[in-house]
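> Starting from these lines, generate the structure:
(4 chains)
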There are 2 protein chains.
Amino acid sequence: MANLKELSEKLGLSQTTVSRALNGYPEVSEATRQRVIDAAREHNYAPNSSARRLATGKTRTIGHVVPISKHDMINPHFTDFIAGAGTVYNRRGYDMLISVVDAEKETETYRAIKRNRRVDGVIVHGPVANDARPGLLQGLGLPFVVHGRTLQDEASYCWVDVNNRRAFAEATRHLIGLGHRRIALVNGWEHMVFARRRREGYEEALREAGIAVDPLLMSSNEMIEPVGYEAMTAFLAGDDPPTAVLVASALSALGVMGAVRERGLAPGTDISIVSYDDKLSFLDIGPDGMGLTVIRSGIGEAGRHCADMLIDMVEGRRGVDHMLLEASLVPGTSTGPPAGIAVAGKSAAAR
Amino acid sequence: MANLKELSEKLGLSQTTVSRALNGYPEVSEATRQRVIDAAREHNYAPNSSARRLATGKTRTIGHVVPISKHDMINPHFTDFIAGAGTVYNRRGYDMLISVVDAEKETETYRAIKRNRRVDGVIVHGPVANDARPGLLQGLGLPFVVHGRTLQDEASYCWVDVNNRRAFAEATRHLIGLGHRRIALVNGWEHMVFARRRREGYEEALREAGIAVDPLLMSSNEMIEPVGYEAMTAFLAGDDPPTAVLVASALSALGVMGAVRERGLAPGTDISIVSYDDKLSFLDIGPDGMGLTVIRSGIGEAGRHCADMLIDMVEGRRGVDHMLLEASLVPGTSTGPPAGIAVAGKSAAAR
DNA sequence: CGGGCAAGCCAAAGCGCTTTGACTGCGCGT
DNA sequence: ACGCGCAGTCAAAGCGCTTTGGCTTGCCCG
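Next comes the predicted model:
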C-alpha cells in the first residue's frame, strides 16, 4: 500500500481520521483506531517520512558532524559514542545523520545543515580550547549538546561531560598515597579541553602533596597506541624515571604497556600504571581484561545522555541543562607501592 | 530567506525558473542563472531538503544498518569504513544515515527503512555464512552493496570484497618460503565469510607444501586484543609451538604481540608474525608503526568503493557489479627464518 | 511577409503527509 | 421541546519543492 490516500479509501475513512488514528490522537474512537491500525499493518503501510517531515517541519533526525583529520582518521572513541547515542535515537524514533567532513569545513557544514533543515539538532564532539562552534550554533539557532565543555560560557548551552579534573586528581592522590613521588602523565592533546582539565587535576594533586610538577614527566599528544609507546619509552629512558604513570586513554595505555613489557618491567611491582578507561568496546584494559587499575567512565553512557538531552531540548521538554558524570577508580593489579618499598605478597604482573 | 517562493518574488521570476536555474537545467539563460545564484547566496537560500525529497521521490541518503552485539559493541573497523564512505557521500551530495540496532532486529529494520522510504539504498556490513540479507533486500527492492561477499549467489548482487583467500595463501607461502613448517592462524569468527576464506587460503598453501593442517594451531574468535593475547599464549604454551603465526586483524595482532613480548620472544627472530592490516587509523601495526610484516588492504578504500558503487546504482548508471581488491604483502621486521636456522645480520626485534 | 522553431519563461499540478476549522449526530439538562 | 456540548469525522488548505505542458518572444528562411 503506497500512501495514506489509498489506505483511507480502502477503509472508507478520511485521510484525517486515518492519520490521527495512526498518530495516537484522542479524537478518534478506539474502535476506529484499532481498525485503522490493523489495516495499516495488513497492507504494510507506513507514512512516507519525507512527506511527514515536510508537513510537520520536524525531521526527527539528529546530526553528528565528525571531522576527519589528516590520515583519514576518525576518533576511535566515536564508535562507542554513537553506539550509545544510537540506541537512544532508536528507542525514541529518531534518525542519526552523520557528516564526515574535512576538519576545516566544519563550520560551513553546520551552516549548510541549518539551511537545508536536515536535522532538528546536532551533537558537538571534541570541544577545543577556544571553540567557535557553540557560538556559531547559537547564532544559527540550531539546537545542540556538547559532549564535553568549552572553557568559556559553559553555562549558556547544554553539555554532558565527565569530571575529568577530579578524576585525575583522585587517581594522582591514589598513587601518591601508595608512596609514589615520580608520577608521569601521558596525556591527550592539550588543545582538547578534557586533556587540559586532566592535567589540572594531576597538577593539583601533586601540589597538594608538595611535589614539584616536572615537565619532563608530562607528554601531550594524540591518544593512540604508537604515541603511548613512544612517550613511555622516553620516560623510562630518562635520568630519573617515574615509578608510576597516569595515562589518558585506553589506546595510549596499550602503547604504554607495550613499552613496559618490552623493558621487562612488571606493572604493579616495578611500575604503577593507572589509565583512564573510556570503555572502548573492543579493548578491555580494566581489571577484567588487561588488569590495569583504571579511572572509568563509559563513553557509551555519555552518548546516551547527550542523545536524551538533545531530544528533550528539540521537543521543548528541557531548557539549557548540564550533566557532569563522575568517573570511578577501579583498582586492578597495575598499581602498588614504588619498587623500593617492599610489601609482602605483592608481585603479580598485570593480566 | 525562507523559501523558493520568496526568493522568486524578490527576483521577479517564477519558482520554476529559479528552481531550474539553481539545479543547472539548460532552459534558463546564463544571465538569469547567474542572477539567481547570486541572489540565493546573498539571501542565504538553500532548498528545504524534505520538500525536495518529497517532490523528487529521491532521498539522496544512504543507510547503514549496524548491528550492536552484546556488550554494546560496534565493530571498530566500522569507523574507518564510514570515514571512507563518508567522504564519497560528501563529494557526491549524499547523506549518511546510520541505524544502530540490536542484532536480531536487523531484518525488521530493513523492512521499516523500506516502508518509510528513508534512504535510496543501503550498505550491508559483515556478511555471514548463510546471510539472509541479500535475499531480503532483493525481495524488498532496496538497492544495496555488500561489503564482502556471501557464500552463495554472489553473482546476483553488488559487492566489494578483498581477495582474502589469495591474500592468506600468499602470506602463508611467504612464511613457508622462509622455512617455517609450524604456522599458526589466529583467525576471526568463521561464521564471517571473510574469515572462512582466509582459512581456506592458509590451508591451501599448507597443502601445496605438503604440510598437515593442525587444528591445534588454529583459533577462530572475535578479532579483539584480549582474544589475540589468549590465543597466542595458548599456542606458545603447547608441546610443539609454532615458529610463525598468521593473524587476521590489527587488533588481534596487538594481543599476539603482547603475548610474544611477555614471553621475551623477539618477533622476526624467535618467532615470525604476519598480520592482516585493515589500516585501522588509530593503530599502525605495519612497518612504519609497530614494524610488523602485514598483508594490507585499506578498509577506508573499501568504504569508498562501496559508496561509489551504490550511488552509481541508485542513480541508474550501473547495474550489478563486483569489485575484488587485492591485498599486498608489506614486509616488516617481524618475519624471518625459523629460530633454528641462522642468518647473518638478522636480529632486530619489531619496533 | 508569414510560418516554423528555438530560447526563455511561467502557471499550476502534483508529491504524501498534518492540521485547521467545520460539520454531524447524539445525549443531556432544563 | 429546545439548545448545548461533546465525540467523532471530514474536506480542504497548506508544507516547499520539482516538473509538466504551455505561452511568449524574436529570428531565420523560403
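> Thought B:Met257 was touching A:Thr257, still the case?
Check again: residue A:257 is Met, not Thr. No: A:Met257 lies out of contact with B:Met257 (CB atoms under 8 Å); the separation is 10.5 Å. Placement of C-beta: from N, CA and C, glycine included.
> Next, the buried residues of the host helix or strand of A:Glu106.
A:Glu106 is part of helix A:106-116 when elements are defined by DSSP states H and E. By 16 or more other CB atoms under 10 Å in any protein chain shown, the buried positions in helix A:106-116 come out as A:Glu106, A:Thr109, A:Tyr110, A:Arg111, A:Ile113, A:Lys114, A:Arg115, A:Asn116.
> all strands for the stretch 51-200 of chain A, in order.
A:61-68, A:95-102, A:121-124, A:144-147, A:158-162, A:183-187 (DSSP state E, counting those that start in this stretch).
> list the helices and strands the first one packs on?
It stands for strand A:61-68. helix A:77-91, strand A:95-102, helix A:106-116, strand A:121-124, helix A:299-314, helix B:77-91 (3 or more CB pairs under 8 Å, 6 or more residues apart in numbering or on different chains; DSSP states H and E).
> List the contacts of that strand.
With CB atoms under 8 Å, 6 or more residues apart in numbering or on different chains as the contact definition, strand A:61-68 has outside contacts at A:74-75, A:78, A:82, A:85, A:89, A:94-103, A:106, A:109-110, A:113, A:118-126, A:307, A:310-311, B:83, B:86-87.
> Filter these down to the buried ones and express that as a PyMOL selection.
To isolate the buried subset of the contacts of strand A:61-68 in PyMOL, counting by 16+ other CB under 10 Å, use the following:
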select buried, (chain A and resi 74+75+78+82+85+89+94+95+96+97+98+99+100+101+106+109+110+113+118+119+120+121+122+123+124+125+126+307+310+311) or (chain B and resi 83+86+87)
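> and the helix holding A:Glu106, what other elements does it pack with?
Contacts defined by 3+ CB pairs under 8 Å, 6+ apart place helix A:106-116 against strand A:61-68, strand A:95-102, helix A:133-140.
> ok, that helix near DNA strand D or not?
No: judged by CB under 7 Å from any atom of the strand, helix A:106-116 stays clear of DNA strand D, getting no closer than 8.5 Å.
> same question, stretch A:17-32
Yes: using CB under 7 Å from any atom of the strand, we find that stretch A:17-32 touches DNA strand D at A:Thr17, A:Arg20, A:Glu27, A:Val28, A:Ser29, A:Thr32.
> The closest residue to A:Ser219 other than its chain neighbours in helix, strand or coil?
Leaving aside its sequence neighbours, A:Ser219 sits nearest to A:Ala231 (CB to CB, 6 or more residues apart in numbering or on different chains; 4.1 Å). Classification of A:Ala231 by DSSP: H, G, I helix; E, B strand; the rest coil places it in helix.
> Could you list which residues are in contact with A:Ala231?
By CB under 8 Å, 6+ apart, A:Ala231 lies in contact with A:Val186, A:Ser219, A:Asn221, A:Ser252, A:Gly255, A:Val256.
> among these, which two are most distant?
Farthest apart among the contacts of A:Ala231 by CB to CB are A:Asn221 and A:Val256. That separation is 12.2 Å.
> and those two? which has more neighbours close in?
A:Val256 (33 against 18; other CB atoms under 10 Å in any protein chain shown).
> what's the helix or strand for the more buried one?
helix A:250-262.
> So that helix, near chain B or not?
Yes: Helix A:250-262 reaches chain B (CB under 8 Å from any CB of the partner chain) through A:Leu251, A:Leu254, A:Met257, A:Gly258, A:Arg261, A:Glu262.
> gap between the closest residue in space to the fifth one that isn't next to it in sequence and A:Tyr229?
With CB to CB, 6+ apart as the criterion, A:Arg261 has its nearest non-adjacent residue at 4.6 Å, and that residue is B:Arg261. Taking CB to CB, to the nearest Å as the measure, B:Arg261 and A:Tyr229 are separated by 11 Å.
> shared neighbours of the two, anything?
A:Gly258.
> A:Ser14 versus A:Glu208, what's the distance?
From A:Glu208 over to A:Ser14 the distance is 72 Å, taken as CB to CB.
> same question, A:Met218
From A:Met218 to A:Ser14 the distance is 70 Å (CB to CB).
> Then A:Leu97?
A:Leu97 sits 34 Å away from A:Ser14, going by CB to CB.
> cool, and A:Asp95?
From A:Asp95 to A:Ser14 the distance is 29 Å (CB to CB).
> re earlier: and the next helix or strand past the helix holding A:Val256?
strand A:272-277.
> Paired strands for that following strand, with orientation please.
Here strand A:272-277 has these sheet partners by DSSP bridges: strand A:244-247 (parallel), strand A:293-296 (parallel).
> Could you dump those into TSV with mean pLDDT, mean neighbour count and distance to DNA strand C added?
As requested, these are arranged in TSV below (pLDDT from 0 to 100; neighbours: other CB atoms under 10 Å in any protein chain shown; distance: least, CB to the nearest atom of the strand, whole Å):
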stretch	mean pLDDT	mean neighbour count	distance to DNA strand C
strand A:244-247	98	30	50
strand A:293-296	96	26	43
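> for those, which one sits closest to A:Glu6?
Short answer: strand A:293-296, nearest of these by CB to CB, at 54.0 Å.
> Bridge partners for the closest residue to A:Pro242 other than its chain neighbours, pull those for me.
Distance criterion CB to CB, 6+ apart; nearest residue to A:Pro242, sequence neighbours excluded, is A:Ala184 at 3.9 Å. For A:Ala184, the beta-bridge partners under DSSP bridges are A:Val245.
> for A:Ala184, what are its contacts?
A:Leu217, A:Met218, A:Ser219, A:Met232, A:Phe235, A:Pro242, A:Ala244, A:Val245, A:Leu246.
> Is whichever residue of the stretch 201-350 of chain A sits closest to chain B part of a helix or strand, or is it coil?
Per CB to the nearest CB, A:Ser281 is where the stretch 201-350 of chain A lies closest to chain B, at 3.7 Å. Here A:Ser281 is coil, with the state taken from three-state DSSP.
> Could you double-check that it lies in contact with A:Ile82?
No: applying CB under 8 Å as the test, A:Ser281 and A:Ile82 come out as separate, 11.3 Å apart.
> related to what we said a few turns ago, would you reformat the strands paired with strand A:272-277 as TSV and include distance to DNA strand D?
Compiled in TSV, the strands paired with strand A:272-277 are given as follows (distance: least, CB to the nearest atom of the strand, whole Å):
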stretch	distance to DNA strand D
strand A:244-247	50
strand A:293-296	47
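> In a markdown table: those strands, plus distance to B:Ile62.
As requested, these are arranged in a markdown table below (distance: least, CB to CB, whole Å):
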| stretch | distance to B:Ile62 |
| --- | --- |
| strand A:244-247 | 38 |
| strand A:293-296 | 36 |
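> and A:Thr56, how many neighbours?
For A:Thr56, using other CB under 10 Å, the count is 10.
> Roughly how far does A:Lys279 sit from A:Thr79?
Distance, A:Lys279 to A:Thr79, by CB to CB: 12 Å.
> So for these two, which residue has more residues nearby?
Neighbour count, other CB under 10 Å: between A:Lys279 and A:Thr79, A:Thr79 has more, with 24 against 21.
> which residues touch that one?
By CB under 8 Å, 6+ apart, the residues touching A:Thr79 are A:Ser281, B:Ile74, B:Pro76, B:Phe78, B:Thr79.
> Name the nearest residue to the third one, ignoring sequence neighbours.
Right, the one you point to is B:Pro76. A:Phe282 (4.4 Å).
> how near is the one you found to B:Ala31?
As judged by CB to CB, A:Phe282 and B:Ala31 stand 58 Å apart.
> Which one's more surrounded, the two?
Counted by other CB under 10 Å, A:Phe282 and B:Ala31 do not tie: A:Phe282 has more neighbours, with 22 against 8.
> Tell me, how many residues neighbour the closest residue to A:Gly188 other than its chain neighbours?
Nearest residue to A:Gly188 in three dimensions, chain neighbours excluded: A:Ala195, at 3.9 Å (CB to CB, 6+ apart). Per other CB under 10 Å, the neighbour tally for A:Ala195 reads 23.
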